[in-house]
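# fold the following and give me the result.
(one chain, ligands or ions: 1)
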Amino acid sequence: MPFRTTTAASRRAQHGSRGGWVISAKSTSVLRLQHVAVGPLDNIELEVAPGQIVCLSGPSGSGKSRLLRAVADLEPHGGVVRLGDRDQDSLAGHRWRQSVMMVPAETAWWFDTVGEHLHKPMPDALGALGFPDDAAEWAVSRLSSGEKQRLALIRALSRDPQALLLDEPTANLDDDTTLQVEDWLQSYIAEHQCPTLWVAHREDQIQRVAAKHFRIDGARLREQEVEQ
Ligand SMILES: Nc1ncnc2c1ncn2[C@@H]1O[C@H](COP(=O)(O)OP(=O)(O)OP(=O)(O)O)[C@@H](O)[C@H]1O
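Prediction:
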């Protein structure tokens, strides 16, 4: 099958818009990548079950972020990405990303305060990640890189995603806070049955959180052993 090197959005433009679909509220859907090709990666086949965390690792520049961006429909790619019975092509890009939510390594902030970025109040999440009650009123300009990273996760979950794409979600955090964030994410992912692709560098983290681990080796993914 020839690979297409277009975004789903441009394919929709060619074949007519079918925007307006909304993926059902509770996620019990498998995230599937079929023959995905992006950057150095080719013919990637991957299934992430509801509530499952699949870790991706690989050398710097091997294509981890680009693969996540392709799954989020943010980068031209070949192949097919599906969540349950819904094809990425069947939704406008922004609607797909409401359900298949990517948290990039470098986060962008566009309003003045933290709370303006949250879709709904998240007091429990803020408390669980060590923020005081008034953190939603904080100015974005005061945030440290680690605070931004944790708040970007809370912001993503405030939108009730159906699948998660996490690009090194603890890269800016100290060891204790890393463990706190891992626990919190694992609880959320299990409770909400979110299929999750998690880019990680540290082997100890991968062993703690991953149900499956794939390492990028050239154009392909090679499955690695995990303890659980
Ligand atoms: N739009 C693009 N067009 C062409 N090349 C790109 C594009 N975006 C990224 N690249 C290149 O693709 C390669 C993979 O990038 P990617 O960001 O996926 O790496 P990574 O595995 O996430 O690396 P790191 O661990 O350093 O974050 C890099 O060599 C990068 O320079």
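# who in the protein is up against the ligand?
By the rule C-beta under 6 Å from any ligand atom, the part of the chain lying against the ligand is 39, 58, 60-66. Quick note: C-beta positions are derived from backbone N, CA and C, even for glycine.
# let's have those in TSV, adding secondary structure, distance to residue 153 and pLDDT.
Shown next, in TSV, are those (DSSP: H, G, I helix; E, B strand; the rest coil; distance: C-beta to C-beta, whole Å; pLDDT from 0 to 100):
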residue	secondary structure	distance to residue 153	pLDDT
39	coil	25	93
58	coil	22	96
60	coil	23	93
61	coil	25	93
62	coil	24	94
63	coil	23	95
64	helix	18	96
65	helix	17	96
66	helix	21	97
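# just among those, which is most surrounded?
The residue in the residues of the chain next to the ligand with the most neighbours, by other C-beta atoms under 10 Å, is residue 64 (24 neighbours).
# for that one, which non-adjacent residue is spatially closest?
Leaving out its chain neighbours, the residue that sits closest to residue 64 by C-beta to C-beta, 6 or more residues apart in numbering is residue 199, at 4.6 Å.
# quick check: phi and psi on that neighbour?
Dihedral angles of residue 199 (phi, psi; degrees, to the nearest 10) stand at phi -80, psi 130.
# and it, how far from residue 71?
11 Å (C-beta to C-beta, to the nearest Å).
# between the two, who's got more neighbours?
The neighbour count for residue 199 versus residue 71, taken as other C-beta under 10 Å, is higher for residue 71 (27 against 21).
# contact partners for the more buried one?
By C-beta atoms under 8 Å, 6 or more residues apart in numbering, the contact list for residue 71 reads 31, 33, 36, 81, 100, 102, 165, 197.
# so which of these sit within strands?
Counting by DSSP state E, those place 31, 33, 36, 81, 100, 102, 165, 197 in strands.
# can you add neighbour count and give those residues back as a markdown table?
Output for the ones in strands among the contacts of residue 71, formatted as a markdown table (neighbours: other C-beta atoms under 10 Å):
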| residue | neighbour count |
| --- | --- |
| 31 | 26 |
| 33 | 23 |
| 36 | 21 |
| 81 | 24 |
| 100 | 27 |
| 102 | 20 |
| 165 | 29 |
| 197 | 26 |
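# give the rounded mean pLDDT of the longest helix along the chain.
Ranked by residue count under DSSP state H, the longest helix found in the chain is helix 175-192. Averaging pLDDT along helix 175-192 gives 96.
# packing partners of it?
When contacts are defined as 3 or more C-beta pairs under 8 Å, 6 or more residues apart in numbering; DSSP states H and E, helix 175-192 packs onto helix 123-128, helix 145-157, helix 203-209.
# what's the second one packed up against?
Where contact means 3+ C-beta pairs under 8 Å, 6+ apart, helix 145-157 is packed against strand 100-103, helix 123-128, helix 175-192.
# pick the most deeply packed of the ones you listed.
Sort the helices and strands packed on helix 145-157 by mean neighbour count, taking mean count of other C-beta atoms under 10 Å, and strand 100-103 sits at the top with a mean of 23.
# please work out which residues outside it touch it.
By C-beta under 8 Å, 6+ apart, strand 100-103 touches 31, 68-69, 71-74, 81, 83, 88, 152-153, 156, 159, 161-167, 169.
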